[in-house]
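Colleague: Predicted coordinates and the sequence they were generated for:
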Amino acid sequence: DTGVSQNPRHKITKRGQNVTFRCDPISEHNRLYWYRQTLGQGPEFLTYFQNEAQLEKSRLLSDRFSAERPKGSFSTLEIQRTEQGDSAMYLCASSLGPSRTEQYFGPGTRLTVT
Amino acid sequence: EDKVVQSPLSLVVHEGDTVTLNCSYEVTNFRSLLWYKQEKKAPTFLFMLTSSGIEKKSGRLSSILDKKELFSILNITATQTGDSAVYLCAVLDQDTGNQFYFGTGTSLTVIP
């Protein structure tokens, strides 16, 4: 399977705990995006990488959220001191680059904070 | 401020009907508009539109963009139950780098 993959698919955690999600983009894709989606809403942009450089970060993103893409391949999204409001589907998407901006999404990680 | 507005929010039709979904946007420096289909999983890519008046077509689905009036439509003809999904519209605003703005989607239910 050469699509975008995400792990874990589901995560249940207690409030205050830290969680980390992983995204493996399509191999030749330079751009990688993280989104958050809650029920009845479209995906909300969190951050974006061009290769290993984090070029954009949503102003709405709390400093409890951090993302990395150390070698320009896979990426991790960490949420520290989780809150119940963090419960959502976290989606990762990748795209080829400037000339091909269409994004391909992974299956998502569903986070439930109890 | 909602940069991308989709209508209707939900739609219920019978198999064989034709539907038109709408997406209007307001961004300062438009680059592209994308349509996605989302069932109970991640969105899957349908179309990318960058130029006005050029219809993109894939089977029973088609889409067109009007950059002057700032909207796009997605048409589905001869609907089938497998078309039941949320259809999302996303717009890329060059002024915000490579940030896509998504609408809340149109939930389509096709009844047999």
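Modeller: Okay, I see it.

Colleague: what's the burial count for B:Gln99?
Modeller: Residue neighbour count, defined by other Cβ atoms under 10 Å in any protein chain shown, stands at 21 for B:Gln99. C-beta: built from backbone N, CA, C; applies to glycine.

Colleague: just the residues of chain B that are near chain A, which are they?
Modeller: B:4, B:31-32, B:34, B:36, B:41-45, B:48, B:88, B:90, B:92, B:96-105 (Cβ under 8 Å from any Cβ of the partner chain).

Colleague: where are the low-confidence patches of chain B?
Modeller: B:1, B:97 (pLDDT under 70).

Colleague: Could you rerun that using 80?
Modeller: Across chain B, the ranges flagged by pLDDT under 80 are B:1-2, B:94-99.

Colleague: Run a quick neighbour tally on the closest residue to chain A within chain B.
Modeller: Per Cβ to the nearest Cβ, B:Phe102 is where chain B lies closest to chain A, at 3.2 Å. Neighbouring residues of B:Phe102 were enumerated by other Cβ under 10 Å; the total is 22.

Colleague: Excluding residues flanking it in the chain, which one is nearest it?
Modeller: Of all residues not flanking B:Phe102 in the chain, A:Gly42 sits nearest, at 3.2 Å (Cβ to Cβ, 6 or more residues apart in numbering or on different chains).

Colleague: ok, now A:Asn51?
Modeller: Per Cβ to Cβ, 6+ apart, closest to A:Asn51 is A:Gly72, 4.0 Å.

Colleague: Would you mind giving me the PyMOL syntax to select the buried ones in the residues of chain B next to chain A?
Modeller: The PyMOL selection below is limited to those of these classed as buried (16 or more other Cβ atoms under 10 Å in any protein chain shown):
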select buried, chain B and resi 4+32+34+36+42+43+45+48+88+90+92+96+98+99+100+101+102+103+104+105
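
Colleague: Now, the residues of chain B next to chain A that are in strands?
Modeller: Among those, the members falling in strands (DSSP state E) are B:4, B:31-32, B:34, B:36, B:44-45, B:48, B:88, B:90, B:92, B:100-102.

Colleague: State the pair within those residues that is farthest apart.
Modeller: Longest distance between any two of those is 21.2 Å, between B:Arg31 and B:Thr44; criterion Cβ to Cβ.

Colleague: First-to-last residue distance for stretch A:70-84?
Modeller: By Cα to Cα, to the nearest Å, the extent of stretch A:70-84 from end to end equals 29 Å.
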